[in-house]
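A.B. asks: 3D, please:
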Amino acid sequence: EDDAGKMWTTTAGGEAMVESALQWKKDSSSADINLVFSLDDKQQEILGFGGAFTEASAINYWGLEKEKRQRVMGLYFSNEGNRYNMGRIPINSCDFSPASYSFDDYEGDVLLKHFDTKASVDVTNGMIPMISDAMATIKASGGDEMLLFGSPWSPPSWMKANNHTMIGSDLPCLAKGMDQVWANFILQWIKAYERHGLPIWGVTAQNEPGFVDNTDWEACS
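C.D. replies: Predicted structure coming up:
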């Protein structure tokens, strides 16, 4: 039927968002489960699709020649590619960083006077320039600004209980009295990214909060 639905296929072989009509057929075999599709009963709205911008992806991206970087951006973010319109950004380092870092490593800086308000570390490691390239690709294709959201893996160690390293976490994670300081830290991170023309659409409370005994990467339980 005309309203049977459509699907879009992207393959490693070079197909990019190839549109085709869904084909339905009756089957004489019996089944315990029946799938019912309704075009009228709408549920929650899908805001978009995307991926994560990390230091590891930035290292690989900037290791490519210019033409290949443009191709990567086109495959992910243009109308001829996957049309990604969402991006997740780690607040401080994560398990896709070569080493741990935060935007304020000054011990006891509860007023955040030494916060990296220019987000210079994410400029230097290539993340912010890479995200800017993605935004430019979307706009060049006639799209709106990308929905960017931040996720923290760990606060700086001086905010954590027992001055725990950023790798792993005690339970609870934050030292007493650091809740508001950590919230202010995240707000400063949002403002730092906005100074680069990268508005932050949302923030998640914590990446993988259940990793209490994790000893391999940044965590806060």
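A.B. asks: quick one: low-confidence ranges for the protein?
C.D. replies: Low-confidence segments of the chain, defined by pLDDT under 70: 1-3.
A.B. asks: mind running it again at 90?
C.D. replies: 1-46, 80-81, 143-145, 169-171, 209-216, 221 (pLDDT under 90).
A.B. asks: which residues in it form helices?
C.D. replies: Applying DSSP state H to the chain gives helices spanning 55-62, 66-77, 120-124, 127-140, 179-194.
A.B. asks: Name the residues that touch the last one?
C.D. replies: Put plainly, it is helix 179-194. Residues from elsewhere that reach helix 179-194, judged by Cβ atoms under 8 Å, 6 or more residues apart in numbering: 89, 91, 103-104, 110, 112, 115-119, 128, 148, 150, 152, 155-156, 159, 174, 199-200, 203. (Each C-beta comes from the backbone N, C-alpha and C, glycine too.)
A.B. asks: Mark which of these are part of strands, please.
C.D. replies: When DSSP state E is applied, those are split such that Ile89, Ile91, Leu148, Gly150, Pro152, Ile200, Val203 fall in strands.
A.B. asks: nearest residue to the second one other than its sequence neighbours?
C.D. replies: The shortest distance from Ile91 to any residue other than its chain neighbours is 4.1 Å, reached at Pro152 (Cβ to Cβ, 6 or more residues apart in numbering).
A.B. asks: For Ile186, see how far away the one you found is.
C.D. replies: 7 Å (Cβ to Cβ, to the nearest Å).
A.B. asks: When these two are compared, which one has more neighbours?
C.D. replies: Pro152 (21 against 18; other Cβ atoms under 10 Å).
A.B. asks: Contacts only, for that one.
C.D. replies: Pro90, Ile91, Asn92, Ile186, Thr204, Gln206, Asn207, Cys220.
A.B. asks: quick one on the thing from earlier: for the ones in strands among the contacts of helix 179-194, work out which two are farthest apart.
C.D. replies: Of all pairs drawn from those, the greatest distance, 14.4 Å, lies between Leu148 and Pro152 (Cβ to Cβ).
A.B. asks: can you count the residues close to the nearest residue to Ala21 once chain neighbours are set aside?
C.D. replies: Leaving out its chain neighbours, the residue that sits closest to Ala21 by Cβ to Cβ, 6+ apart is Lys6, at 5.7 Å. Residues contacting Lys6 under the criterion other Cβ under 10 Å number 9.
A.B. asks: Could you do Ala31 as well?
C.D. replies: 7.
A.B. asks: Can you tell me how far it is from Val181?
C.D. replies: Applying Cβ to Cβ, the value for Ala31 to Val181 is 56 Å.
A.B. asks: do the same with Glu19
C.D. replies: With Cβ to Cβ as the criterion, Glu19 and Val181 are 50 Å apart.
A.B. asks: now Ser169
C.D. replies: Computed as Cβ to Cβ, the Ser169 to Val181 distance reads 17 Å.
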